[in-house]
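Visitor: Provided below are the primary sequence and the corresponding predicted coordinates.
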Amino acid sequence: MIEAVAIALVLLVGVLIVALLGSRGRLREMRRHLDRSKSELERLGNSVPQFLWKASADGLAEIVNHRFSEMTGIAEVGTSMEVIQGAFHPDDVEPFFAEWARAREIGREFRGYHRLRMADGTYHWMHAVGCPQYSESGAILGWYGATSDVDAEFRAQEEVRALNQELKSLVEERTLELKKTRWRYRTLFDDPSLGVMELDFSEAKRALETLREEGVHDVEAHFEHHPDHWDAMITKVMLTDLNAAFAEMCGYTDGGDALRAGRFGGTQLCSRETLSKLFLSSLASDSGGFSLTTEISKVDGSRLVVACSIHYSQDCIATITAVDITERETAHDLMLAAQSELARASRAGSIGAFSASIAHEVNQPLTSMAIDIETTRRLVDRPEVDRAKLKSMLDRVSRNAKRIADIVTSIRERIRNRRRDAQAVKVCLMIEDTKTLLHREAAARRASLVTHCTVGLRPVFADPVELQQVLVNLVVNALDAVVDVPEEKRTIDLHLDPDGPDRIRVRIADSGPGIPPDDLDKIFDPFYTTKTNGMGIGLQICRSIVEALDGELRAFNRPEGGAVFEFSLNTVPASAEIAAAG
Ligand SMILES: Nc1ncnc2c1ncn2[C@@H]1O[C@H](COP(=O)(O)OP(=O)(O)OP(=O)(O)O)[C@@H](O)[C@H]1O
Ligand SMILES: [Mg+2]
């Protein structure tokens, strides 16, 4: 019995040993399997592009895969939160971990963005997702998570966002511009003096293209030969808009009436000529414009003159602006009439000036002649006729008669704007002649005429009659002036001096009272005179003659008293003088 128990025990032990050996083998097998699974899991974990992590229930890192080290270049990550946070962008640490803490508090899945410093020092945007792991009782055991590099996607989104923003602001800008343009356009539309009209040519353009396809090239000639085609074509031009001012110009009470009148051709808004110009040029080119002055026939048949400006755009819309210039045109016509009236008046004025000049200039020689004739008569009445004296008197009368004839011819030529033939005039001789001519007048006023001529000066190129008129007028004025001073002071000096190498200066200085400073500007005005029997044209005649010779007649007062009149003239070049002599 004992043996049987012993055998049984031995058998049992044997069985147990065998069983034990078997289970150890299985255990080893299971461990190997587990190791294989673990390393596979690790390989899998490290092969995904994200970095994977496991955190404890209170948020501390427990496992971080190799991807983190690869991305950041941080070799030893371990489970240190400081190391992990240190790779975060400083601006993102606080908001990211606050959000992470909130997710742990309420135990929901966590999603958050942050920038991570890469091994090359740049920051990449990362997207972290963490999921809680629960125990059977529902308590959070820890967190599993994956963080993906979303930088490229993020930047692409940002670029799209920036582009969108740019697009938005561009659209806003354009809308604003469009609004402003529209507003400006509407302001023009509301202008009561500016007619604005819009025409749509698109239908007409299509019809024209069809015509061209049918072989019509010279459209203008075609319409000329086929007026019915023109009429048909023009009805295709649509009047799309017009303002009150344009409607009024056309004789409508408001724009609506004109628009309701329908197609443009029916509204008679502008002349056929304008219309064809507008029509053909808008169809010939895609955009452009032109301006013209034309006539508008109003609905009541009356006509308006308008300045028109036409612009057409690529979309076959023509904008026409028009300003009523009927009044301006009428004013222009009136102005032309006034101008021709003025021309007539000025011709009459010239005749007046002609008469006045003649009356003025011939006065002195006529007076002289009258005295000489009277003296001659007395000589003839004497018993002893002094023939020599008689002859000299008659010679003087004859000279004065010739002078009068010359003066009349010279004035007539001047008024007809024709210059008589100029010649080389020796001014010194002319001054002496003037003294002789006015000798009697000077004696009558008890004034002395004194000449001071520099010898050897070259002559000037002038009409001698005119130059003599200047000298006579100036000396007569001086004689009139000196009568206001005591007899012993009545002197008139006639100077001739060089004025530079090529000019001479003539100066007539008197000892009279001078010219009041305020009158210095006025004395050359036509008909300005302070004399009871004066005409006030002597100085004006002198000035115009001197200016025609490229000189300038000036008047001023001498410090010691008396007036001075002076002018300079070009002398004849020495070569011309030799040629003339030859
Ligand atoms: N030498 C002078 N001294 C002072 N005043 C002068 C002198 N010469 C001209 N005047 C002033 O200039 C005015 C205009 O002279 P101007 O020769 O044009 O006309 P007038 O001598 O008055 O008349 P007329 O046309 O008949 O010569 C004179 O009335 C006079 O007041
Ligand atoms: Mg005078």
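Guide: Alright, I've got the coordinates. Ligands and ions are numbered 1, 2, ... in the order given.
Visitor: and stretch 355-365, does that touch ligand 1?
Guide: Yes. With Cβ under 6 Å from any ligand atom as the criterion, ligand 1 is reached by stretch 355-365 at His360. (Each C-beta comes from the backbone N, C-alpha and C, glycine too.)
Visitor: list of residues touching that stretch?
Guide: 400-401, 403-404, 407-408, 411, 414-415, 441, 469, 472, 476, 535, 537-538, 541 (Cβ atoms under 8 Å, 6 or more residues apart in numbering).
Visitor: check which residues of it are buried.
Guide: Across stretch 355-365, burial judged by 16 or more other Cβ atoms under 10 Å covers Ala356, Ser357, Ile358, His360, Glu361, Val362, Gln364, Pro365.
Visitor: chain center to it, what's the gap?
Guide: Centroid separation for stretch 355-365 versus its chain: 56 Å, with Cα atoms, centre = their mean, to the nearest Å.
Visitor: now do stretch 399-417
Guide: 55 Å.
Visitor: and stretch 496-513, by the same measure?
Guide: Averaging C-alpha positions (Cα atoms, centre = their mean) puts stretch 496-513 52 Å from its chain's average.
Visitor: how about the residues of the stretch 351-500 of the chain by ligand 2?
Guide: Asn477 (Cβ under 5 Å from the ion).
Visitor: what number of residues lie near the residue in the stretch 101-250 of the chain positioned nearest to ligand 2?
Guide: Proximity to ligand 2, evaluated over the stretch 101-250 of the chain using Cβ to the ion, is greatest for Ser193 at 56.2 Å. For Ser193, the count of nearby residues is 7 (other Cβ atoms under 10 Å).
Visitor: try the one 10 residues further on
Guide: Applying the criterion other Cβ under 10 Å, we find 15 residues in the vicinity of Glu203.
Visitor: repeat for Asp151
Guide: 17.
Visitor: my read is the residue of the stretch 101-250 of the chain closest to ligand 2 is in a strand, agree?
Guide: No. Going by DSSP: H, G, I helix; E, B strand; the rest coil, the assignment for Ser193 is coil, not a strand.
Visitor: pLDDT wise, what is it at?
Guide: We have a pLDDT of 81 for Ser193.
Visitor: now do the contacts for it.
Guide: Here Ser193 is in contact with Ala245, Val323, Asp324 (Cβ under 8 Å, 6+ apart).
Visitor: which stretches of the stretch 451-582 of the chain aren't confidently modelled?
Guide: For the stretch 451-582 of the chain, residues meeting the criterion pLDDT under 70 lie at 575-582.
Visitor: meant to ask about the chain
Guide: Along the chain, the model assigns pLDDT under 70 to residues 1-6, 8, 18-22, 45-47, 77-79, 254-288, 331-332, 334-354, 414-421, 575-582.
Visitor: show me which strand runs longest in it.
Guide: Longest strand of the chain, by residue count under DSSP state E: strand 123-134.
Visitor: just name whatever secondary elements that strand is in contact with.
Guide: helix 90-106, strand 110-117, strand 140-149, helix 151-190 (3 or more Cβ pairs under 8 Å, 6 or more residues apart in numbering; DSSP states H and E).
Visitor: between those, which one is closest to ligand 1.
Guide: For the helices and strands packed on strand 123-134, the distance to ligand 1 is smallest for helix 151-190, at 59.0 Å, taking Cβ to the nearest ligand atom.
Visitor: so which elements touch the very next helix or strand once past the closest one?
Guide: Next helix or strand after helix 151-190 toward the C-terminus (DSSP states H and E): strand 195-200. Contacts defined by 3+ Cβ pairs under 8 Å, 6+ apart place strand 195-200 against strand 238-242, helix 244-249, strand 317-324.
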